[in-house]
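>>> Sequence below, structure please.
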Amino acid sequence: MILKCIIVDDERHAIDILIAHIAKVPQLEIKLATTNPVEACTYIQLNHIDLIFLDIQMPGLTGLQFLSLLNEKTKVILTTAYREYALDGYEHNVVDYLLKPVLFPRFLKAVSRIIENESGTVHTFKSEKEFIFVKTGIRNKLVKVDFEKILYVESMGNYINFVLEDSKVTTLMTLKEVEKELPKNQFIRIHQSYVVAKKNILGREGNQILIQNRNLPIGETYKKNVHDFFM
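All right, here's what the predicted structure looks like:
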């Protein structure tokens with residue numbers, strides 16, 4: 001069972017935190033993350049959504065005003081920097097509220113309750129593998145690569161470059177072998193030569209993915225894959 005989610009928050013960094021948290025839970029799929037509540041309302045009217053992460057304080061349309069426009073079947077978790085505002089949300093039958101900055105253990109507790117109620121079963125969330133050890137050009141030397149630090153993975157013939165936040169690790173592997181090791185809910189293949197970390201994608205410009213200060217090409221075969229990610 002996959003729950004389709006959207007995030008509505010006027011703070012970009014708050015959205016980025018929730019995107020990273022959602023990527024760690026296989027039962028959640030993000031369909032839209034926006035700072036514009038009007039855009040979110042339009043999207044909900046045209047698409048089925050199971051769960052909304054909703055900021056309370058937003059210009060133009062507050063979270064509580066937004067709640068009055070929703071279908072009662074849509075689950076809502078409020079996010080707020082002010083504990084006193086969260087109490088108002090319970091008058092609108094929200095499932096839970098998260099106090100900013102949202103920490104992953106508290107986030108997981110909130111979404112676990114929803115997943116259990118929707119499926120009728122209790123899910124035990126196991127920590128996914130968070131790193132791999134790869135061989136380098138130095139004999140008998142292995143280097144640890146943390147998935148959390150990967151910006152993208154680049155194929156260079158028979159070699160792979162793990163491009164990290166502050167360094168690069170080169171090893172003798174194929175991209176297909178690397179894909180088997182990476183958590184599928186955290187990475188996306190965009191090209192014959194590139195796999196990128198979803199949380200580091202800043203946007204799309206034509207046939208290129210924007211990731212930090214780099215533009216990476218989108219391969220013809222992977223256009224639908226990329227299109228679905230942004231939907």
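>>> wait, residue 76 sits on residue 97?
No: checked against CB atoms under 8 Å, the pair residue 76 and residue 97 is beyond contact range at 9.3 Å. Bear in mind the C-beta positions are built from the backbone N, C-alpha and C, glycine included.
>>> Output the lowest mean pLDDT helix or strand found in this structure.
helix 83-89 (a mean of 51; mean pLDDT, DSSP states H and E).
>>> Quick check: next helix or strand after it?
Downstream of helix 83-89, the next assigned helix or strand under DSSP states H and E is strand 96-99.
>>> Show residues contacting whichever helix or strand comes after that following strand.
Later in the chain than strand 96-99, the nearest helix or strand by DSSP H and E is helix 104-119. Helix 104-119 is contacted by residues 1, 3, 18, 21, 24-25, 27-28, 50-51, 75, 77, 95-96, 98-99, 122-123, 125 when judged by CB atoms under 8 Å, 6 or more residues apart in numbering.
>>> Let's test this: mean pLDDT of helix 104-119, rounded?
In this model, helix 104-119 has an average pLDDT of 83.
>>> With only the CA atoms kept, save that helix in PDB.
Extracted in PDB, the C-alpha atoms of helix 104-119 (Å, rounded to 0.1, in the frame of the first residue of the first chain):
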ATOM      1  CA  PHE A 104      12.400  12.000  11.800                       C
ATOM      2  CA  PRO A 105      11.500   9.900  14.900                       C
ATOM      3  CA  ARG A 106       8.400  12.100  15.600                       C
ATOM      4  CA  PHE A 107       7.600  12.200  11.900                       C
ATOM      5  CA  LEU A 108       7.700   8.400  11.700                       C
ATOM      6  CA  LYS A 109       5.500   8.000  14.700                       C
ATOM      7  CA  ALA A 110       2.800  10.200  13.100                       C
ATOM      8  CA  VAL A 111       2.800   8.500   9.700                       C
ATOM      9  CA  SER A 112       3.100   5.000  11.200                       C
ATOM     10  CA  ARG A 113      -0.300   5.500  12.800                       C
ATOM     11  CA  ILE A 114      -1.900   6.400   9.500                       C
ATOM     12  CA  ILE A 115      -0.300   3.500   7.600                       C
ATOM     13  CA  GLU A 116      -1.500   1.100  10.300                       C
ATOM     14  CA  ASN A 117      -5.000   2.400  10.200                       C
ATOM     15  CA  GLU A 118      -5.200   2.400   6.400                       C
ATOM     16  CA  SER A 119      -3.900  -1.200   6.000                       C
END
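>>> hmm, who's touching the helix or strand following it?
Following helix 104-119 in sequence order, the next helix or strand is strand 131-135 (DSSP H and E). With contacts defined as CB under 8 Å, 6+ apart, strand 131-135 is touched by 141-147, 160, 162, 169, 171-173, 181.
>>> Neighbouring strands - and their directions - for strand 131-135?
Here strand 131-135 has these sheet partners by DSSP bridges: strand 142-146 (antiparallel).
>>> quick one: contacts of the strand it pairs with?
If you take CB under 8 Å, 6+ apart as the criterion, strand 142-146 is touched by 130-136, 162, 164, 169, 171.
>>> Please apply the same query to stretch 215-226.
152, 188-194, 196, 204-205, 207-209.
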